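S.K.: coordinates only, no sequence provided:
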């Protein structure tokens, strides 16, 4: 029996801190700014750091760190990067018996360029996307208490319905953090699976994509999501914090903009920390927000998605939470 099985990608991340570049402002870039190097030249790297990544493994480590019996289910390549991922997960006490190997593609790989306060990621989506429904040993998962679905990209998104329907039929609680590929599923299918989840985790952009509402119109977004999702809905807002609805109340807290070393995995850290809190406190949302925020802030203070994650019982600075009574989404009685 497992407390949590996480689904999602496994990747090997290489972080490079660089200084030999120039920024270029142009409307041709989505972010309006690009980074440029001299063509054909050798660029010095100021610092380098290696770590496993991917939403499936990042969240698994948080659950294991909090003392929960955790397995990661996913696919890696039969290569050195895949071997390092298994080695690292074992060191974090994550069960690796549900990891499958393939010779068809290498393990997912990311090169993360750190430039001043921002980053640019070159991502190779390899073996992780080859996970097939036939790979998943559903019968072995029937006694699991929680499934945590990190973003499933590309062809993996089609497994979302299978995994969530299985969990729902077997009374396994579900935390769902859909990525863009899953949000692009047919609307009828997407709403049907969201209607079965216990915790829905979205960032602002994802919430806007799901509802078709501008993410600045927060009250309208939650009214729409509460009609779709019977469970707890979370909308993270980066440095601006987050808002959570349980259908009756809105909870909110500010984020952090100080002492950030690397923001890789901060969203995974909050989501898995929050769900860990729900499991450990049997549903206390405010205490779960505290653990999620503490885990995320701690992640931001270290390189990579795992090194800074909180350990069981580790102390952290508590966030200030505002709770609003929400009746028909006309919120009042702030405290």
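M.R.: Ah, there it is. Just so it is clear, the structure is predicted and the values come from calculations on it, not from any experiment.
S.K.: who's residue 242 bridged to?
M.R.: residue 236, residue 253 (DSSP bridges).
S.K.: separation between it and residue 285?
M.R.: 12 Å (CB to CB, to the nearest Å). For glycine as for every other residue, the C-beta is placed from the backbone atoms N, C-alpha and C.
S.K.: please apply the same query to residue 152.
M.R.: Remark: distance between residue 152 and residue 285 (CB to CB) = 26 Å.
S.K.: how about residue 300?
M.R.: For residue 300, the distance to residue 285 equals 22 Å [CB to CB].
S.K.: so which residues of the stretch 1-150 of the chain form strands?
M.R.: 4-7, 11-18, 22-25, 33-36, 45-53, 70-77, 99-102, 108-115, 118-124, 146-149 (DSSP state E, counting those that start in this stretch).
S.K.: host element of the residue nearest to the spatial centre of the chain?
M.R.: Against the mean C-alpha coordinate of the chain, by CA atoms, centre = their mean, the closest residue is residue 268 at 3.1 Å. Using DSSP states H and E, residue 268 sits within helix 266-281.
S.K.: buried ones in that helix?
M.R.: 266-280 (16 or more other CB atoms under 10 Å).
S.K.: same question, stretch 249-264
M.R.: Applying 16+ other CB under 10 Å to stretch 249-264 flags 249-253, 255-256, 262-264 as buried.
S.K.: identify, from the residues you listed, the entry nearest to residue 97.
M.R.: Checking the buried residues of stretch 249-264 against residue 97 by CB to CB gives residue 264 as the nearest, at 26.7 Å.
S.K.: need the pLDDT of that closest one.
M.R.: We have a pLDDT of 91 for residue 264.
S.K.: contacting residues for it?
M.R.: 13, 15, 53, 112, 119, 303-305 (CB atoms under 8 Å, 6 or more residues apart in numbering).
S.K.: how close does it sit to residue 175?
M.R.: 20 Å.
S.K.: tell me which of residue 152 and residue 285 has more neighbours.
M.R.: residue 152 (26 against 20; other CB atoms under 10 Å).
S.K.: hang on, the more buried one in a strand?
M.R.: No - going by DSSP: H, G, I helix; E, B strand; the rest coil, the assignment for residue 152 is coil, not a strand.
S.K.: so it makes contact with residue 160?
M.R.: Yes - Residue 152 is within contact range of residue 160, at 6.0 Å (criterion: CB atoms under 8 Å).
S.K.: shared neighbours, these two?
M.R.: Taking CB under 8 Å, 6+ apart as the contact rule, residue 152 and residue 160 both touch residue 182.
S.K.: ok, which of the strands of the stretch 1-150 of the chain comes nearest residue 188?
M.R.: Comparing the strands of the stretch 1-150 of the chain by CB to CB, strand 146-149 comes nearest, at 18.9 Å.
S.K.: mind showing which ranges of this protein have poor pLDDT?
M.R.: For the chain, the stretches flagged by pLDDT under 70 are 116-117, 326-335.
S.K.: once you drop chain neighbours, what's closest to residue 291?
M.R.: Leaving aside its sequence neighbours, residue 291 sits nearest to residue 277 (CB to CB, 6 or more residues apart in numbering; 3.9 Å).
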